[in-house]
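Fold the following, please.
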Amino acid sequence: MKKRILVIAASLRIGGAEKVARDIAIHASPGEYEFHYLVFGDEIGGYEAQLIAYGHKVFHLPEPSHSYWQFFRALCSLMQSNHYQIVHAHNMFNCGFTMLAAWLSGCPIRVSHAHSALEDGHGFVKNIYEKLMRFLILRCSTDLVACGVKAGERLFGKKTFHKRGQLILNGIDVAAFAYDQDRRNTIRQQLGLGNRFILGHAGHLAEVKNQAFLLDLMPLVLKKQSDTMLLLLGEGDDRPMLEQKIRELHLEEHVVMTGNVTNVSDYLSAMDVFVFPSLFEGMPLSILEVQANGLPCVISNSVPEDVFLTDLIHPLSLDAPKQQWVDAILSARRGDADHYNRQLRDSEYAVEKAMEKIYRIYHKDHPND
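Now for the predicted structure:
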């Protein structure tokens, strides 16, 4: 009999944590599990159609912040109706509600999964909320998982994570991100880029990803290399602001915003340098994908060093002079792509290794406490 699993992903838009949640079902042995997904709000994310095509169910509930009590009641009703053997939540501090509901419904395996080390602005109410949610997470979860040490410490507390937590690195399909010359040529031809020098970025268009900083660098880059183009992959709430900034900096002829794309690896092959000036990160899958592609990457030193797997990574402080960023970008060059792909294939970041650890949790016997 299949084990029925509820994966709580908050959203299924294209992104790092969402991809991990999706991969759990995509890489599972056929016939072993029945997967249900829960997302918040009405947004139909980029991964939702794919999961439904694979035969998995997706449920939508209103955002918890609209009414925590109504959200909790609806969550309990969903769990009691479907009798889940496993609940795996990826929604940071809201995991407190989901773990409590899973515990009350008698679910024997309850997994809280931390994906971000982001420190939100704190106030009295926020501090109380986080303390309450952490108490519920630690009391009601059977397993504490994090994509990185900082993310685990952020959600579960430093002492508890090192005592009870398990580090499961975000994994990627390394072979799928290998450099491909034909794909490079195709993307460049489609976008009319020819042999121009291409900077790239992939990520949700949001303040934390700091794409505005990257746009500020472009005039300085163009002074030294006038044929430079910037590819921004992704979608998000910051798009109108970024489009306005592009106009203000007169970069219309030097920036292409693609929106969300499903063939990210093709675009990585088309790029010459990847630039990633994030304010905070948990465990950015995109940096692993970039290295698997053999693409040099100039990044902020806010990115956890866990992903510094090759000499393709060039970290800089966001407080460093912008000219230092420009010099690092223009001096970066691609190397032996096959060599870098092999390095990632042999690492713990291969998706098969990450998923194997998750499935081991699913097979553990837990007392229904």
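
Off-centre distance for the longest helix seen in the chain?
Using DSSP state H to define each element, the chain has its longest helix at helix 124-140. Put simply, helix 124-140 sits 24 Å off its chain's centre (CA atoms, centre = their mean, to the nearest Å).

Now do that helix: which elements does it pack against?
helix 95-104, helix 149-156 (3 or more CB pairs under 8 Å, 6 or more residues apart in numbering; DSSP states H and E). For every residue, glycine as well, the C-beta is placed using N, CA and C.

want to try a markdown table for the ones you listed, with mean neighbour count as columns?
Shown next, in a markdown table, are the helices and strands packed on helix 124-140 (neighbours: other CB atoms under 10 Å):
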| stretch | mean neighbour count |
| --- | --- |
| helix 95-104 | 25 |
| helix 149-156 | 24 |
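
Least confident of those, on average?
Ranked by mean pLDDT, the helices and strands packed on helix 124-140 bottom out at helix 149-156, which scores a mean of 92.

Can you name the element that comes right after it?
Going down the chain from helix 149-156, the next helix or strand is helix 158-164, by DSSP states H and E.

and the very next helix or strand once past that following helix, which strands flank it?
Sequence-wise, the next helix or strand downstream of helix 158-164 (DSSP H and E) is strand 166-167. Strand 166-167 has the following strand partners under DSSP bridges: strand 143-146 (parallel).

neighbouring contacts of the strand it pairs with?
Strand 143-146 has contacts (CB atoms under 8 Å, 6 or more residues apart in numbering) with 109-115, 137-138, 152-153, 155-156, 160-161, 164-168, 358, 361, 364.

Just the buried residues of those residues.
Using 16 or more other CB atoms under 10 Å as the burial test, the contacts of strand 143-146 include 109-115, 137-138, 152-153, 155-156, 160-161, 165-168, 358, 361 as buried.

before we move on, the earlier item: list the buried residues in the longest helix of the chain.
Using 16+ other CB under 10 Å as the test for burial, helix 124-140 gives Glu130, Met133, Arg134, Leu136, Ile137, Leu138, Cys140.

Could you dump these into TSV with distance to Met1 and pLDDT added?
Shown next, in TSV, are those (distance: CB to CB, whole Å; pLDDT from 0 to 100):
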residue	distance to Met1	pLDDT
Glu130	38	93
Met133	33	96
Arg134	35	97
Leu136	30	97
Ile137	29	98
Leu138	31	97
Cys140	25	98
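
Return the closest of these with respect to Tyr179.
Nearest to Tyr179 among the buried residues of helix 124-140: Ile137, at 40.7 Å, using CB to CB.

Check the burial of Arg333 by counting its neighbours.
8 (other CB atoms under 10 Å).

okay, now Trp229: neighbour count?
Let me fix one detail, which is that residue 229 is Met and not Trp. Using other CB under 10 Å, Met229 has 24 neighbouring residues.

tell me the pLDDT at it?
At Met229, pLDDT is 97.

Which strands and helices lie in contact with the helix or strand where it lies?
Using DSSP H and E, Met229 maps to strand 228-233. Other elements packing on strand 228-233 under the criterion 3+ CB pairs under 8 Å, 6+ apart are strand 197-202, helix 211-224, strand 255-259, helix 264-270.

and after that strand, which helix or strand comes next?
Proceeding N to C from strand 228-233, the next assigned helix or strand is helix 239-248, under DSSP H and E.

For that following helix, name the packing helices and strands.
Going by 3+ CB pairs under 8 Å, 6+ apart, helix 239-248 lies up against helix 211-224, strand 255-259.

let's go with 7 Å and repeat that
Judged by 3 or more CB pairs under 7 Å, 6 or more residues apart in numbering; DSSP states H and E, the packing partners of helix 239-248 are helix 211-224.

separation between Ala212 and Glu248?
As judged by CB to CB, to the nearest Å, Ala212 and Glu248 stand 11 Å apart.

So which of these two has more stuff around it?
Using other CB under 10 Å, the more surrounded residue of Ala212 and Glu248 is Ala212, with 14 against 9.

Look up how far Leu214 lies from the nearest residue to His204 once chain neighbours are set aside.
Leaving aside its sequence neighbours, His204 sits nearest to Gly236 (CB to CB, 6 or more residues apart in numbering; 4.5 Å). Distance from Gly236 to Leu214, counting by CB to CB: 14 Å.

Tell me which of the two has more neighbours.
Set Gly236 next to Leu214 and count neighbours by other CB under 10 Å: Leu214 wins out with 23 against 17.

correct me, but the more buried one touches Pro277?
Yes: if you go by CB atoms under 7 Å, Leu214 and Pro277 touch, sitting 5.7 Å apart.
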